[in-house]
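Engineer: Give me the fold of what follows.
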Amino acid sequence: MEIKFEEGLKRLEEIVARLESGEASLEEAISLYEEGIKLARALKGKLEEIEMRVEKLMETEGGFRTEEFRHRTEADED
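Structural biologist: You can find the predicted model right below:
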């Protein structure tokens, strides 16, 4: 079952809060850490997919046109 981005982000926040609390046993902390890493990777991949599909709406003289979303990179900032 594929998790929705918002649900995954909420679960990741719960994991971080539990780890930061220091109340988890070592075994639980390791398990939570592993789950968090997998979830973070999945969410990053999902976010990259979403970014590729995003289109920027630009007003033109005759109406609107769409333009592919261009992800900013460090090279763009130089």
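
Engineer: which residues does Leu43 contact?
Structural biologist: Phe5, Gly8, Leu9, Leu12 (CB atoms under 8 Å, 6 or more residues apart in numbering). Bear in mind the C-beta positions are built from the backbone N, C-alpha and C, glycine included.

Engineer: In which helix or strand does Ala29 reside?
Structural biologist: Element membership of Ala29, judged by DSSP states H and E, is helix 26-53.

Engineer: so where is the chain shaky, pLDDT-wise?
Structural biologist: 1, 54-78 (pLDDT under 70).

Engineer: what's the spacing between Ser25 and Arg11?
Structural biologist: 20 Å (CB to CB, to the nearest Å).

Engineer: repeat for Ser21
Structural biologist: 16 Å.

Engineer: of these two, who's got more company?
Structural biologist: Shown here are Ser21 and Arg11; by other CB atoms under 10 Å, Arg11 has more neighbours (15 against 8).

Engineer: Skip the chain neighbours and tell me the closest residue to the more buried one.
Structural biologist: Leu39 (6.2 Å; CB to CB, 6 or more residues apart in numbering).

Engineer: ok, that neighbour touching Lys10?
Structural biologist: No: using CB atoms under 8 Å, Leu39 makes no contact with Lys10, being 10.4 Å away.
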